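K.L.:
no sequence on this one, just coordinates:
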């Protein structure tokens, strides 16, 4: 998870660093929603502003580059030992 420290200006403004804006696809004019939570302030893309992507634009998005894992292995229950919990 990315994070950044910013300063509040005298006008109550903050600058969101470019790498964070890019990772959320926030461009000039993007509308954001601010919500006060028990932990602080939550900022997210306004629901109306979310862009619709075509299936073609998502091609290869979940591409797996490692070895193929058989479905039988993927379907097995996960076994935890006491050290990993």
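P.N.:
Perfect, I can see it now. Note that the structure is a prediction, hence the values are computed from the model and not measured. Numbers count the residues shown, from 1 in each chain.
K.L.:
Does residue 41 belong to a helix, a strand or coil?
P.N.:
Residue 41 carries the three-state label strand when classified by DSSP: H, G, I helix; E, B strand; the rest coil.
K.L.:
and the closest residue to it other than its chain neighbours, helix, strand or coil?
P.N.:
Excluding its sequence neighbours, the residue lying closest to residue 41 (CB to CB, 6 or more residues apart in numbering) is residue 34, at 6.0 Å. Bear in mind the C-beta positions are built from the backbone N, C-alpha and C, glycine included. Three-state call for residue 34 (three-state DSSP): strand.
K.L.:
Looking at residue 34 now. What's its pLDDT?
P.N.:
pLDDT, residue 34: 93.
K.L.:
That one against residue 40, yeah?
P.N.:
No: counting by CB atoms under 8 Å, residue 34 stays clear of residue 40, with 10.6 Å between them.
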